[in-house]
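**Q** Compute the structure for the input listed below.
(6 chains, ligands or ions: 5)
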Amino acid sequence: MSSRLINWFKFSSPASFYPLARKISVVSTVIAVVLIVIGLYMSFFVAPTDYKQGEGYRIIFVHVPASWMSMFIYVVMAGWAALGLVFNTRLSAMMAQALAPTGAMFAFISLWTGSFWGKPMWGTWWVWDARITSELILLFLYLGYMALRAAIDDPRRGDRASGILLLVGVVNVPIIYYSVKWWNTLHQGSTIKMNNQTTMDETMLITMLIMTLGFWAYAIAVAMARVRTVILERERSSTWVRGLTAAEI
Amino acid sequence: MAEFFHMGGYGLYVWGSFGVTALCMIAEPLLLRGRSASIRKRIARIARLDQEAQS
Amino acid sequence: MFKPLFWVIRRDLTIAMRRRSDVFTTLIFFVIVVSLFPLGIGPEPNTLRQIAPGIVWVGALLASMLALEQIFSADHRDGTLEQMLLTPQPVSVLVVGKVLAHWLVSGVPLVVMAPILGLQYDLSVDVQLILVASLLLGTPALSLIGAIGAALTLGLRSGGVLLALLVLPLYIPVLIFGAGAVEATASGLGGQAHLSMLAAILVGSMVLAPLATAAALRVAED
Amino acid sequence: MFKPLFWVIRRDLTIAMRRRSDVFTTLIFFVIVVSLFPLGIGPEPNTLRQIAPGIVWVGALLASMLALEQIFSADHRDGTLEQMLLTPQPVSVLVVGKVLAHWLVSGVPLVVMAPILGLQYDLSVDVQLILVASLLLGTPALSLIGAIGAALTLGLRSGGVLLALLVLPLYIPVLIFGAGAVEATASGLGGQAHLSMLAAILVGSMVLAPLATAAALRVAED
Amino acid sequence: MSTGTAAPALQIDTLSCARGDRVLFRDLSFAIAGGELLHLKGRNGSGKTTLLRALAGLLLPESGEIRWQGENIRALREEYARHLLYLGHLNGIKGDLTAVENLRIAAVLDGFELDETRAWAVLDEIGLRGHEDLPTKHLSQGQKRRVALARLLANRASIWILDEPFTALDVAAVQLLQDVIHRHVADGGMAIVTTHQEVAMIGAHTRTIELGRRHV
Amino acid sequence: MSTGTAAPALQIDTLSCARGDRVLFRDLSFAIAGGELLHLKGRNGSGKTTLLRALAGLLLPESGEIRWQGENIRALREEYARHLLYLGHLNGIKGDLTAVENLRIAAVLDGFELDETRAWAVLDEIGLRGHEDLPTKHLSQGQKRRVALARLLANRASIWILDEPFTALDVAAVQLLQDVIHRHVADGGMAIVTTHQEVAMIGAHTRTIELGRRHV
Ligand code: HEM
Ligand SMILES: Nc1ncnc2c1ncn2[C@@H]1O[C@H](COP(=O)(O)OP(=O)(O)OP(=O)(O)O)[C@@H](O)[C@H]1O
Ligand SMILES: Nc1ncnc2c1ncn2[C@@H]1O[C@H](COP(=O)(O)OP(=O)(O)OP(=O)(O)O)[C@@H](O)[C@H]1O
Ligand SMILES: [Mg+2]
Ligand SMILES: [Mg+2]
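**A** Ligands and ions are numbered 1, 2, ... in the order given. So this is what the prediction gives:
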């Protein structure tokens, strides 16, 4: 039991996590490249043309994985924030900080590709659909988190303040989602519902899964690389950073 | 080939989506590299100053 | 526990009364925002009646948010907040007192004013009633949620705008159910369900917001 | 005279760049407010298209007003403003510098962002063009007028809300002609006349506002 | 308390604090017991304010512990606050309330009641006669400081943490404040004080700690 | 200037100031010429800050006139400001700019240019070495005050109006500032200074004016 615990605490210190993060990052990069290349090949050359939407539907292979990732990453960030607030470990907050830009980017990609899909399908770049609206709000939550972090100079204060914000936000996300959904169904506004393809072709599903895993690996790779930078930025005056040789940095 | 890029009339939308996604996912690591390079430079400078102070 | 609570409320109300203009300014901001729309949009009564609930609610939301910016910042600047953190009273109790006083000063006038503005948009009496009810349940929730944001942005230079960025996304459920209640009533569907949702949100935020706010205040004074 | 002007602009831009988040937050506030209205009003595209110019303009106005609150208050609090009044430079020149820097930081991003928000409301390309043009003429006028109010309310506790109260009535003409230009174009009438009025307001406020602001600042520091 | 009369009530154990990049002090350890006056010295920027805020529990130290009667103050929280009176660079008074109101609300929050008459008497003692019921924003710099210091006369806390209490005070007020502090210490209280005005802190029970001797 | 070498440059003529309901001083008249140091004394709340702000032209007096070389300063405005350096209770520096940037922008606004090297030298002299390019909000209370005071070293104004310049400064800095003021006066400048730290202002050219002798 105790060996587990010690291990845990060992890697919760930035100094010992720093080299480990590099290894994880390298491995994930390889996985991400492989999966995304396979995924792209399948998206364009294996998956059949959709009988209703023609070639346009191929957008789904980036749109849906990006949407999933954006939601998933926010929850993960909140988890790290909770850990950080409870156990007062610096590394947890750094992990949350490192994930945020990637999550925001996926939210943006989801909205962007969604728009580029909606235009040919519905004839407009934007509709106030429940899912789209709540993704937009999620993007705002990401931006709020990042803006708060950027506005606070003292990193430790920033850790704790933005941690509180993340926890408050994650409590609200489901509430927001259901309220938006309710709001939208009560107005019979948007004429076209999004999930009009109930049965999905097997290959399409597999392709989408592969792309999702690829994005997942990408997110891990980038977050680990970023957490290394964050660690350096914040611990630059500590003795262990000064002790690093040029190769280790 | 041209037909591939045409995407059955949806070329703009498909490539607009995949293109921007690719752009984002390439730009992010590049920006990150810039950020990490600048902090490394700063640490190198701190180390140099340390050495100067000692000698 | 009730004595400090009572004194904090009394203190903040006294200060508000000394600067009575505060009460009016929140109110007038609300009036102006809501009256601005007919100017920006044009005078067709049908369009206006249709968008009225949304506009009144967005106006109330913005007014309450703007007023909220001040809730802790003055205390932070003159050092009374750091003294409050050093008293033997639980911080979340003091937070409840401050939020309550703030709502009495800035929220209640909005609720009272709303029906008069509703007249501008030609709303019927029962719609007006639901409007008041929804604001009565909604504005305290806005104050409670907003207090978290105000505490988080304390002492930061871009305070006001940053506060908006943090808080507005969290306000959205309140806005949707608030405006929804009024709209549902106007279109004859009945706003009961919406009002119960609002009440649920209010209860939830009454439990959680003071704790989060107190934690954020401790961080801000670090 | 140009050297101090240049240095004041440079100073304020440097400060803004040190806290880059400020620029984004104003912008994001704008985005959020504009996106809030559909949530209050409902998602029907036709209604939304109709009220879009008004909403975008009200959003820009609120964002610009909120950002404005900060223009002198930080300088007042740390005493740099009183130092500025004691330099041999004409105060109105320094005011012009501060307003210009402020507009570059908070106004220009709004103008750039507006067309993207227009998409959410499904506006056509030429309407979008007029929207940008009207904002380009209107936002500097908003900054100039708002600076007067900011100076007048300096040092008062409820600065934010009171400022809104003083300045909003002066904003109304800008809003009417700005939103009017867009609407006129959307309904095929052409927005030329409105735009010329906006330009006239801009020129007028460029002449008068710095003087009024300078006078108000002297009073505030008394 | 449990180990005898002279047990150090407040114990600082290998405390380190950092602000920004710099570690201000490292592994600072000392203790202070009832009846002692600690004069904290140091050049500008040596970390005095930082240390005092850590002692008050406002600032989370980088490492190390602060113990009150053997328990970490982070764990005690409100229990510790009951014994504490902290006055920082800011006065902590509301400009819109009068001196009397400020004093009374501070008392209630500190957990005791201060009636109107007593409040007036205290303000008289600190030299604010004639200014008791003016909103304090209309007072001069030194008068505001006096309102803040009036809490010292009306309080029963045993630990006083005072950050440059003498700033803005005139000669008479400096003398008065000195007497008040020495009286508090003589009565068995503790005081931790920073000041750059050397002369003011000389007294029988004074100990001195100097921070940051290296070049600032 | 026109009437001879010892003509009083700054003349205060039957000046009265009131704040709120109370008249702080009535019919105050005095003059000060180059080479003189005026030490303004008075208890807390006696009106020192009020008088200094009036002298700087920030506050409109109730009655009476302030003349610079024979002309009312209200009429001179920017012309008078050219000769003036005022430091109040607030430091007047931006927390987001570094000490160097603060100093240089102040110089430009005061109408002269201060190059980077000179600015660093000045900050070094005032004891801020190693803190020149940190945003000043990260400095301690006393370090901020030093940044504000650095303007005294880099300025060519002849009238210095200093409101409690010694607050928050440590012993070394107090000594330094005293020297700077005396040097300025010896070079033919004028200085009007308030401070409660008596010892600090003794010097050859010092005159003293005491405000508000009645009970405060
Ligand atoms: C014909 C048009 C569209 C189709 C067929 C479509 C389809 C889908 C599908 C299948 C999903 C995954 C659903 C799931 O996980 O259960 C999804 C998710 C999403 N889409 Fe779209 N989409 C379309 C247009 C858009 C547009 C125009 C936008 C935004 C501008 C958008 C934004 C989103 C978002 C935010 C999600 C993630 C939310 C979620 O999964 O619940 N979509 N879309
Ligand atoms: N803004 C104001 N409104 C009303 N009265 C004021 C205002 N400012 C100061 N006063 C009053 O004027 C008197 C003198 O204030 P002033 O700040 O000039 O005193 P001072 O001599 O500088 O005192 P200190 O030594 O404490 O700095 C005080 O008694 C105060 O009550
Ligand atoms: N919020 C902050 N962020 C970063 N650095 C800070 C912060 N506050 C203080 N510092 C740094 O910490 C050092 C010590 O500051 P502190 O205020 O504790 O000094 P002090 O001993 O109280 O000085 P003084 O006598 O001038 O009041 C200073 O050099 C300053 O640069
Ligand atoms: Mg200090
Ligand atoms: Mg004074």
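
**Q** contacts and neighbour counts: CA atoms only from here.
**A** OK.

**Q** all strands for chain E, in order.
**A** E:10-19, E:22-32, E:37-41, E:63-68, E:71-72, E:84-87, E:159-163, E:190-194, E:206-210 (DSSP state E).

**Q** a markdown table please, covering those and showing distance to F:I126.
**A** Below are the strands of chain E laid out as a markdown table (distance: least, C-alpha to C-alpha, whole Å):
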| stretch | distance to F:I126 |
| --- | --- |
| strand E:10-19 | 22 |
| strand E:22-32 | 21 |
| strand E:37-41 | 20 |
| strand E:63-68 | 33 |
| strand E:71-72 | 41 |
| strand E:84-87 | 28 |
| strand E:159-163 | 23 |
| strand E:190-194 | 22 |
| strand E:206-210 | 22 |
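
**Q** Between the ones you listed, which one is closest to chain B.
**A** Among the strands of chain E, strand E:22-32 comes nearest to chain B, with 12.7 Å by C-alpha to the nearest C-alpha.

**Q** which outside residues touch that closest one?
**A** With C-alpha atoms under 8 Å, 6 or more residues apart in numbering or on different chains as the test, strand E:22-32 has contacts from A:237, E:8-18, E:38, E:46-47, E:64, E:190, E:211-212.

**Q** swap in stretch A:145-165?
**A** Contact with stretch A:145-165 is made by A:78, A:81-82, A:84-85, A:93-94, A:100-101, A:166, A:234, C:152-153, C:156-158, C:162, C:166, C:212, C:215-216, C:219-220, C:222, D:19, D:21, D:25, E:20, as judged by C-alpha under 8 Å, 6+ apart.

**Q** OK, contacts around whichever residue of chain B sits closest to ligand 3?
**A** For chain B, the nearest residue to ligand 3 under the criterion C-alpha to the nearest ligand atom is B:I46, separated by 17.7 Å. With C-alpha under 8 Å, 6+ apart as the criterion, no residue contacts B:I46.

**Q** Buried members of the contacts of strand E:22-32 into PyMOL, please.
**A** Restricted to buried positions by 16 or more other C-alpha atoms under 10 Å in any protein chain shown, the PyMOL selection for those reads:
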select buried, (chain A and resi 237) or (chain E and resi 8+9+10+11+12+13+15+16+17+18+38+46+47+64+190+211+212)
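
**Q** near ligand 1 too, which of the contacts of strand E:22-32?
**A** Restricting the contacts of strand E:22-32 to those near ligand 1 by C-alpha under 6 Å from any ligand atom leaves nothing, as none qualifies.

**Q** average pLDDT across the lengthiest helix in chain E?
**A** In chain E, assigned by DSSP state H, the helix with the most residues is helix E:171-186. For helix E:171-186, mean pLDDT is 91.

**Q** which strands and helices sit next to that helix?
**A** When contacts are defined as 3 or more C-alpha pairs under 8 Å, 6 or more residues apart in numbering or on different chains; DSSP states H and E, helix E:171-186 packs onto helix E:141-153, strand E:190-194.

**Q** Got the phi and psi for residue 140?
**A** Chain wasn't specified; assuming chain A. Backbone geometry at A:F140, expressed as degrees, to the nearest 10, gives phi -60, psi -40.

**Q** my question was about chain E
**A** With angles defined as degrees, to the nearest 10, E:S140 sits at phi -80, psi 170.

**Q** Ok, A:W126 next?
**A** phi -150, psi 140.

**Q** Next: E:G188.
**A** Backbone phi and psi, for E:G188 under degrees, to the nearest 10, turn out to be phi 100, psi 10.

**Q** quick revisit: what's the separation between the residue of chain B closest to ligand 3 and chain F?
**A** According to C-alpha to the nearest C-alpha, to the nearest Å, B:I46 and chain F sit 13 Å apart.

**Q** Phi, psi for that residue please.
**A** According to degrees, to the nearest 10, B:I46 has phi -60, psi -40.

**Q** Can you name the helix or strand that C:D222 falls in?
**A** For C:D222, there is no host helix or strand (DSSP states H and E).

**Q** Just list the residues touching the residue nearest to it when sequence neighbours are not counted, thanks.
**A** Spatially, and ignoring its direct neighbours in sequence, C:D222 is nearest to E:L59 (4.5 Å; C-alpha to C-alpha, 6 or more residues apart in numbering or on different chains). Contacts of E:L59 were listed using C-alpha under 8 Å, 6+ apart, and they are C:E221, C:D222, E:T50, E:R53.

**Q** Now do the residue nearest the centre of chain B, the pLDDT please.
**A** By C-alpha atoms, centre = their mean, chain B has its centre lying nearest to B:L30, at 1.7 Å. The model reports B:L30 with a pLDDT of 94.

**Q** just B:W15 next, same as before
**A** 88.

**Q** Does the closest residue in space to it that isn't next to it in sequence belong to a helix, a strand or coil?
**A** The spatially closest residue to B:W15, leaving aside those adjacent along the chain, is B:F5, at 8.0 Å (C-alpha to C-alpha, 6+ apart). Using DSSP: H, G, I helix; E, B strand; the rest coil, the structure places B:F5 in helix.

**Q** I'd guessed B:F5 sits against B:G11; true?
**A** Yes: B:F5 lies in contact with B:G11 (C-alpha atoms under 8 Å); the separation is 5.9 Å.

**Q** Comparing the two, which residue is more hemmed in?
**A** Set B:F5 next to B:G11 and count neighbours by other C-alpha atoms under 10 Å in any protein chain shown: B:G11 wins out with 16 against 13.

**Q** Please identify the most buried of the helices and strands packed on helix E:171-186.
**A** Stretch with highest mean neighbour count among these: strand E:190-194 (a mean of 24; mean count of other C-alpha atoms under 10 Å in any protein chain shown).

**Q** Quick one: low-confidence residue ranges for chain A.
**A** Counting by pLDDT under 70, chain A contains low-confidence ranges at A:1-11, A:51, A:186-200, A:246-247, A:249.

**Q** By proximity to chain C, which residue of it wins?
**A** Residue nearest to chain C within chain A: A:G144 (5.1 Å; C-alpha to the nearest C-alpha).

**Q** can I assume that residue is in contact with C:L165?
**A** Yes: counting by C-alpha under 8 Å, A:G144 touches C:L165, with 5.6 Å between them.

**Q** Neighbour count for these two, which is higher?
**A** Using other C-alpha under 10 Å, the more surrounded residue of A:G144 and C:L165 is C:L165, with 29 against 26.

**Q** check contacts around that one.
**A** Counting by C-alpha under 8 Å, 6+ apart, the residues that C:L165 touches are A:F140, A:G144, D:T25, D:I28, D:F29, D:I32.

**Q** buried ones in the host helix or strand of A:S70?
**A** Secondary structure from DSSP H and E places A:S70 in helix A:60-87. Neighbour-count burial for helix A:60-87, counted by 16+ other C-alpha under 10 Å, picks out A:60-71, A:73-85.

**Q** so where does the residue of chain A closest to chain C fall, helix or strand?
**A** helix A:130-151.

**Q** so, in contact with ligand 3 or not, that helix?
**A** No: figure legend: helix A:130-151 not in contact with ligand 3 (C-alpha under 6 Å from any ligand atom); closest approach 13.3 Å.
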